[in-house]
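> Below are the sequence and a predicted model for it; my questions follow.
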Number of protein chains: 2
Amino acid sequence: MMQVFDDVYFMRKALEEAQLAFEKGEVPVGAVVVSNQQIIARAHNSTEQLNDVTAHAEMLAITSAANYLGGKYLKKCKLYVSLEPCQMCAGALYWSQIDEVIYGASDPKRGFRKMGTQMHPKIKIKYGIMAKEAQDLLQAFFNNKRK
Amino acid sequence: MMQVFDDVYFMRKALEEAQLAFEKGEVPVGAVVVSNQQIIARAHNSTEQLNDVTAHAEMLAITSAANYLGGKYLKKCKLYVSLEPCQMCAGALYWSQIDEVIYGASDPKRGFRKMGTQMHPKIKIKYGIMAKEAQDLLQAFFNNKRK
(Lines give C-alpha, C1' and ligand atoms only; values in the text may rest on other atoms or scores of the structure.)
Protein backbone atom coordinates (compact mmCIF):
# COMPACT_ATOMS: atom_id res chain seq x y z
CA MET A 1 0.00 0.00 0.00
CA MET A 2 1.34 3.43 -0.84
CA GLN A 3 2.11 5.76 2.02
CA VAL A 4 0.51 9.15 1.67
CA PHE A 5 2.70 11.95 3.02
CA ASP A 6 -0.05 14.31 4.03
CA ASP A 7 -0.73 16.50 7.05
CA VAL A 8 -2.14 13.57 9.01
CA TYR A 9 0.99 11.51 8.34
CA PHE A 10 3.31 14.22 9.64
CA MET A 11 1.07 15.17 12.56
CA ARG A 12 1.12 11.54 13.60
CA LYS A 13 4.92 11.80 13.76
CA ALA A 14 4.61 14.93 15.93
CA LEU A 15 2.22 12.98 18.18
CA GLU A 16 4.75 10.15 18.45
CA GLU A 17 7.15 12.77 19.82
CA ALA A 18 4.47 14.00 22.22
CA GLN A 19 4.07 10.40 23.41
CA LEU A 20 7.82 10.24 24.16
CA ALA A 21 7.47 13.41 26.25
CA PHE A 22 4.50 11.83 28.08
CA GLU A 23 6.54 8.76 28.96
CA LYS A 24 9.26 10.99 30.46
CA GLY A 25 6.84 12.98 32.59
CA GLU A 26 7.04 16.05 30.37
CA VAL A 27 3.98 18.01 29.26
CA PRO A 28 3.28 15.96 26.11
CA VAL A 29 3.88 18.18 23.10
CA GLY A 30 5.80 17.05 20.03
CA ALA A 31 6.96 18.64 16.80
CA VAL A 32 8.55 17.75 13.49
CA VAL A 33 9.99 19.96 10.74
CA VAL A 34 9.40 18.85 7.17
CA SER A 35 11.34 19.89 4.07
CA ASN A 36 10.52 18.43 0.66
CA GLN A 37 8.20 15.85 2.22
CA GLN A 38 11.03 14.66 4.47
CA ILE A 39 11.28 14.99 8.24
CA ILE A 40 14.50 16.88 8.97
CA ALA A 41 13.97 17.44 12.71
CA ARG A 42 11.94 15.90 15.53
CA ALA A 43 11.64 17.10 19.09
CA HIS A 44 9.45 16.93 22.14
CA ASN A 45 8.99 19.21 25.09
CA SER A 46 12.00 18.72 27.39
CA THR A 47 11.67 21.52 29.94
CA GLU A 48 11.97 19.12 32.89
CA GLN A 49 14.80 17.02 31.56
CA LEU A 50 16.84 20.05 30.46
CA ASN A 51 15.75 22.24 33.38
CA ASP A 52 15.02 24.96 30.89
CA VAL A 53 11.77 26.84 30.25
CA THR A 54 12.91 27.53 26.69
CA ALA A 55 13.08 23.81 25.78
CA HIS A 56 9.65 23.58 24.16
CA ALA A 57 9.23 21.09 21.30
CA GLU A 58 9.06 23.84 18.67
CA MET A 59 12.22 25.62 19.88
CA LEU A 60 14.24 22.40 19.87
CA ALA A 61 12.85 21.45 16.45
CA ILE A 62 13.71 24.87 14.97
CA THR A 63 17.29 24.67 16.28
CA SER A 64 17.66 21.09 15.08
CA ALA A 65 16.26 21.84 11.61
CA ALA A 66 18.59 24.83 11.17
CA ASN A 67 21.47 22.61 12.18
CA TYR A 68 20.43 20.04 9.57
CA LEU A 69 20.05 22.67 6.86
CA GLY A 70 23.30 24.46 7.74
CA GLY A 71 21.52 27.81 7.75
CA LYS A 72 19.35 29.58 10.23
CA TYR A 73 16.28 30.14 8.02
CA LEU A 74 13.68 27.43 7.49
CA LYS A 75 12.43 28.62 4.12
CA LYS A 76 10.12 26.19 2.34
CA CYS A 77 9.82 24.13 5.52
CA LYS A 78 6.73 23.22 7.51
CA LEU A 79 6.50 22.72 11.25
CA TYR A 80 3.95 20.28 12.63
CA VAL A 81 3.26 20.58 16.35
CA SER A 82 0.65 18.79 18.40
CA LEU A 83 -0.37 21.88 20.42
CA GLU A 84 -0.81 25.52 19.45
CA PRO A 85 2.52 27.36 19.95
CA CYS A 86 2.95 29.76 22.88
CA GLN A 87 4.19 33.36 22.57
CA MET A 88 7.83 32.30 22.74
CA CYS A 89 7.53 29.61 20.09
CA ALA A 90 5.38 31.76 17.80
CA GLY A 91 7.99 34.51 18.20
CA ALA A 92 10.73 32.06 17.20
CA LEU A 93 8.69 30.88 14.20
CA TYR A 94 8.28 34.55 13.23
CA TRP A 95 12.07 34.88 12.95
CA SER A 96 12.57 31.51 11.26
CA GLN A 97 11.06 32.45 7.88
CA ILE A 98 9.32 29.08 7.90
CA ASP A 99 6.70 28.57 5.22
CA GLU A 100 3.92 26.92 7.16
CA VAL A 101 2.92 26.02 10.71
CA ILE A 102 0.39 23.25 11.29
CA TYR A 103 -0.80 22.61 14.82
CA GLY A 104 -3.21 20.12 16.33
CA ALA A 105 -5.03 21.13 19.50
CA SER A 106 -5.71 24.76 20.36
CA ASP A 107 -4.42 26.19 23.63
CA PRO A 108 -7.10 28.64 24.74
CA LYS A 109 -5.04 29.72 27.80
CA ARG A 110 -1.47 30.19 26.61
CA GLY A 111 -1.66 29.79 22.84
CA PHE A 112 -0.28 32.57 20.66
CA ARG A 113 -3.72 33.41 19.29
CA LYS A 114 -5.20 34.09 22.70
CA MET A 115 -2.04 35.96 23.75
CA GLY A 116 -2.12 38.10 20.63
CA THR A 117 1.34 37.17 19.35
CA GLN A 118 2.00 38.31 15.81
CA MET A 119 2.93 35.52 13.45
CA HIS A 120 4.80 36.71 10.36
CA PRO A 121 2.19 37.51 7.67
CA LYS A 122 3.99 35.28 5.14
CA ILE A 123 3.61 32.19 7.35
CA LYS A 124 0.62 30.01 6.48
CA ILE A 125 -1.22 28.57 9.49
CA LYS A 126 -3.35 25.46 9.66
CA TYR A 127 -4.81 23.85 12.75
CA GLY A 128 -7.09 21.17 14.09
CA ILE A 129 -5.21 18.23 12.48
CA MET A 130 -5.54 15.31 14.91
CA ALA A 131 -6.51 17.79 17.59
CA LYS A 132 -8.45 15.23 19.60
CA GLU A 133 -5.48 12.85 19.87
CA ALA A 134 -3.23 15.71 21.02
CA GLN A 135 -5.82 16.94 23.50
CA ASP A 136 -6.48 13.44 24.90
CA LEU A 137 -2.76 12.95 25.57
CA LEU A 138 -2.52 16.31 27.37
CA GLN A 139 -5.64 15.51 29.37
CA ALA A 140 -4.23 12.12 30.40
CA PHE A 141 -1.02 13.83 31.51
CA PHE A 142 -2.76 16.42 33.67
CA ASN A 143 -5.19 13.82 35.08
CA ASN A 144 -2.22 11.66 36.14
CA LYS A 145 -0.54 14.66 37.73
CA ARG A 146 -3.57 15.50 39.83
CA LYS A 147 -3.71 11.99 41.26
CA MET B 1 36.39 53.49 46.00
CA MET B 2 33.36 51.36 46.68
CA GLN B 3 31.68 49.75 43.69
CA VAL B 4 27.97 50.41 43.55
CA PHE B 5 26.02 47.43 42.24
CA ASP B 6 23.17 49.34 40.71
CA ASP B 7 21.24 49.13 37.43
CA VAL B 8 23.90 51.10 35.59
CA TYR B 9 26.62 48.74 36.80
CA PHE B 10 24.79 45.64 35.54
CA MET B 11 23.62 47.27 32.32
CA ARG B 12 27.24 48.14 31.60
CA LYS B 13 27.99 44.42 31.85
CA ALA B 14 25.17 43.67 29.41
CA LEU B 15 26.67 46.28 27.08
CA GLU B 16 30.07 44.61 27.33
CA GLU B 17 28.36 41.48 26.04
CA ALA B 18 26.75 43.51 23.25
CA GLN B 19 30.23 44.78 22.33
CA LEU B 20 31.46 41.15 22.04
CA ALA B 21 28.57 40.44 19.65
CA PHE B 22 29.50 43.54 17.64
CA GLU B 23 33.08 42.36 17.26
CA LYS B 24 31.83 39.01 15.90
CA GLY B 25 29.53 40.59 13.33
CA GLU B 26 26.40 39.76 15.30
CA VAL B 27 23.58 42.25 15.87
CA PRO B 28 25.00 43.77 19.09
CA VAL B 29 22.69 42.85 21.94
CA GLY B 30 23.92 41.58 25.30
CA ALA B 31 22.33 40.33 28.48
CA VAL B 32 23.22 39.32 32.03
CA VAL B 33 21.17 37.59 34.70
CA VAL B 34 21.68 38.76 38.26
CA SER B 35 20.82 36.89 41.46
CA ASN B 36 21.60 38.37 44.88
CA GLN B 37 23.65 41.15 43.29
CA GLN B 38 25.80 38.58 41.50
CA ILE B 39 25.98 37.93 37.77
CA ILE B 40 25.10 34.26 37.25
CA ALA B 41 24.84 34.29 33.44
CA ARG B 42 26.12 36.42 30.56
CA ALA B 43 25.32 36.05 26.89
CA HIS B 44 25.25 37.94 23.63
CA ASN B 45 23.29 37.50 20.48
CA SER B 46 24.81 34.55 18.58
CA THR B 47 22.34 33.87 15.77
CA GLU B 48 25.05 33.97 13.10
CA GLN B 49 27.65 31.96 14.93
CA LEU B 50 25.16 29.28 15.98
CA ASN B 51 23.11 29.45 12.77
CA ASP B 52 20.02 29.65 14.91
CA VAL B 53 17.29 32.30 15.01
CA THR B 54 16.51 31.33 18.60
CA ALA B 55 20.02 32.26 19.84
CA HIS B 56 19.15 35.75 21.09
CA ALA B 57 21.11 37.09 24.07
CA GLU B 58 18.13 36.72 26.42
CA MET B 59 17.40 33.11 25.44
CA LEU B 60 21.00 32.05 25.95
CA ALA B 61 21.15 33.94 29.25
CA ILE B 62 17.93 32.31 30.52
CA THR B 63 19.22 28.82 29.66
CA SER B 64 22.60 29.55 31.20
CA ALA B 65 21.12 30.99 34.41
CA ALA B 66 18.82 27.98 34.84
CA ASN B 67 21.82 25.74 34.37
CA TYR B 68 23.71 27.67 37.06
CA LEU B 69 20.77 27.54 39.47
CA GLY B 70 20.01 23.88 38.82
CA GLY B 71 16.34 24.66 38.31
CA LYS B 72 14.36 26.04 35.45
CA TYR B 73 12.76 29.01 37.22
CA LEU B 74 14.63 32.28 37.69
CA LYS B 75 12.75 33.44 40.79
CA LYS B 76 14.27 36.50 42.51
CA CYS B 77 16.53 37.05 39.49
CA LYS B 78 16.83 40.09 37.25
CA LEU B 79 17.67 40.12 33.57
CA TYR B 80 19.49 43.13 32.13
CA VAL B 81 19.45 43.37 28.34
CA SER B 82 20.72 46.20 26.17
CA LEU B 83 17.72 46.16 23.77
CA GLU B 84 14.00 45.66 24.38
CA PRO B 85 13.19 41.93 24.09
CA CYS B 86 11.34 40.61 21.02
CA GLN B 87 8.19 38.45 21.16
CA MET B 88 10.17 35.24 21.51
CA CYS B 89 12.36 36.50 24.34
CA ALA B 90 9.47 38.17 26.16
CA GLY B 91 7.58 34.88 25.81
CA ALA B 92 10.53 33.00 27.34
CA LEU B 93 10.77 35.55 30.18
CA TYR B 94 7.04 35.03 30.76
CA TRP B 95 7.69 31.33 31.45
CA SER B 96 10.86 31.92 33.47
CA GLN B 97 9.17 33.41 36.56
CA ILE B 98 11.95 35.99 36.64
CA ASP B 99 11.42 38.86 39.04
CA GLU B 100 12.50 41.82 36.94
CA VAL B 101 13.52 42.70 33.39
CA ILE B 102 15.57 45.83 32.77
CA TYR B 103 16.25 46.85 29.20
CA GLY B 104 18.19 49.71 27.64
CA ALA B 105 17.11 50.90 24.21
CA SER B 106 13.55 50.48 22.97
CA ASP B 107 12.90 48.57 19.75
CA PRO B 108 9.97 50.37 18.13
CA LYS B 109 9.83 47.84 15.24
CA ARG B 110 10.17 44.40 16.78
CA GLY B 111 10.09 45.01 20.52
CA PHE B 112 7.55 43.12 22.61
CA ARG B 113 5.67 46.30 23.50
CA LYS B 114 5.02 47.23 19.89
CA MET B 115 4.19 43.60 19.05
CA GLY B 116 1.74 43.35 21.94
CA THR B 117 3.41 40.42 23.69
CA GLN B 118 2.09 39.77 27.18
CA MET B 119 4.73 39.85 29.86
CA HIS B 120 3.74 38.00 33.02
CA PRO B 121 1.97 40.51 35.32
CA LYS B 122 4.30 39.63 38.21
CA ILE B 123 7.41 40.65 36.26
CA LYS B 124 8.60 44.18 36.98
CA ILE B 125 9.83 46.07 33.91
CA LYS B 126 12.27 48.98 33.77
CA TYR B 127 13.78 50.54 30.69
CA GLY B 128 15.91 53.33 29.33
CA ILE B 129 19.01 52.47 31.39
CA MET B 130 22.04 53.38 29.20
CA ALA B 131 19.69 53.39 26.23
CA LYS B 132 21.87 55.80 24.24
CA GLU B 133 24.96 53.59 24.51
CA ALA B 134 22.95 50.53 23.39
CA GLN B 135 21.37 52.45 20.53
CA ASP B 136 24.71 53.92 19.37
CA LEU B 137 26.23 50.45 19.19
CA LEU B 138 23.30 49.11 17.15
CA GLN B 139 23.47 52.16 14.88
CA ALA B 140 27.20 51.65 14.31
CA PHE B 141 26.54 48.00 13.44
CA PHE B 142 23.85 48.77 10.88
CA ASN B 143 25.85 51.68 9.42
CA ASN B 144 28.82 49.34 8.90
CA LYS B 145 26.56 46.77 7.28
CA ARG B 146 25.20 49.26 4.77
CA LYS B 147 28.71 50.22 3.63
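On my side now, so go ahead.
> From here on, just use CA atoms for contacts and neighbour counts.
OK.
> and chain A, which residues reach chain B?
A:47-48, A:51-54, A:59, A:62-63, A:66-67, A:70-73, A:86-92, A:95-96, A:115-118 (Cα under 8 Å from any Cα of the partner chain).
> Do a quick rundown of the helices in chain A.
A:7-23, A:57-69, A:87-96, A:112-115, A:131-146 (DSSP state H).
> Now do the contacts for the residue nearest to the spatial centre of chain A.
For chain A, the residue nearest the mean C-alpha position is A:Val81 (2.4 Å; Cα atoms, centre = their mean). Residues in contact with A:Val81 (Cα atoms under 8 Å, 6 or more residues apart in numbering or on different chains) are A:11, A:14-15, A:29-32, A:57-58, A:101-104.
> Show me the beta-bridge partners of it.
A:Ala31, A:Tyr103 (DSSP bridges).
> export the contacts of A:Val81 to CSV and tack on neighbour count and pLDDT?
Shown next, in CSV, are these (neighbours: other Cα atoms under 10 Å in any protein chain shown; pLDDT from 0 to 100):
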residue, neighbour count, pLDDT
A:Met11, 25, 98
A:Ala14, 28, 98
A:Leu15, 27, 98
A:Val29, 31, 98
A:Gly30, 32, 98
A:Ala31, 33, 98
A:Val32, 31, 98
A:Ala57, 28, 98
A:Glu58, 31, 98
A:Val101, 21, 98
A:Ile102, 22, 98
A:Tyr103, 25, 98
A:Gly104, 27, 98
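> Of those, which is the nearest to chain B?
Set against chain B, the nearest of the contacts of A:Val81 by Cα to the nearest Cα is A:Glu58 (10.6 Å).
> And for A:Ile133, nearest residue in space, chain neighbours not counted?
For the record, residue A:133 is Glu, not Ile. Nearest residue to A:Glu133 in three dimensions, chain neighbours excluded: A:Leu15, at 7.9 Å (Cα to Cα, 6 or more residues apart in numbering or on different chains).
> wait, isn't that neighbour in contact with A:Tyr103?
No. Using Cα atoms under 8 Å, A:Leu15 is not in contact with A:Tyr103; the gap is 10.6 Å.
> Need the overlap of contacts for those two.
Counting by Cα under 8 Å, 6+ apart, the shared contacts of A:Leu15 and A:Tyr103 are A:81-82.
> residue contacts, the closest residue to A:Ser96 other than its chain neighbours?
Once flanking residues are discounted, A:Ser96 sits nearest to A:Tyr73: 5.1 Å by Cα to Cα, 6+ apart. Contact analysis of A:Tyr73 by Cα under 8 Å, 6+ apart lists A:66, A:96-98, B:52-53.
> Mind doing that once more with 10 Å?
Residues counted as contacts of A:Tyr73 (Cα atoms under 10 Å, 6 or more residues apart in numbering or on different chains) are A:62-63, A:65-66, A:93, A:95-98, B:51-53.
> Over to A:Gly91?
Counting by Cα under 10 Å, 6+ apart, A:Gly91 makes contact with A:59, A:85, A:112, A:117-120, B:54, B:86-92, B:112, B:115, B:117.
> A:Ile102 touches A:Tyr80, doesn't it?
Yes. A:Ile102 lies in contact with A:Tyr80 (Cα atoms under 10 Å); the separation is 4.8 Å.
> shared neighbours of the two, which are they?
Common neighbours of A:Ile102 and A:Tyr80, using Cα under 10 Å, 6+ apart, are A:7, A:10-11, A:31, A:126-127, A:129.
> Top of these by number of neighbours, please.
A:Ala31 (33 neighbours; other Cα atoms under 10 Å in any protein chain shown).
> From A:Met11, how far off is that one?
Counting by Cα to Cα, to the nearest Å, the separation of A:Ala31 from A:Met11 is 8 Å.
> what do you get for A:Glu133?
As judged by Cα to Cα, A:Glu133 and A:Met11 stand 10 Å apart.
> Please tell me I have it right and A:Tyr127 contacts A:Asp107.
No. Using Cα under 10 Å as the test, A:Tyr127 is too far from A:Asp107 to be in contact (11.1 Å).
> list residues touching both of those two?
A:83-84.
> count of neighbours near the nearest residue to A:Leu93 once chain neighbours are set aside?
Spatial nearest neighbour of A:Leu93, chain neighbours left out: A:Met119 (7.4 Å); criterion: Cα to Cα, 6+ apart. Using other Cα under 10 Å, A:Met119 is surrounded by 21 other residues.
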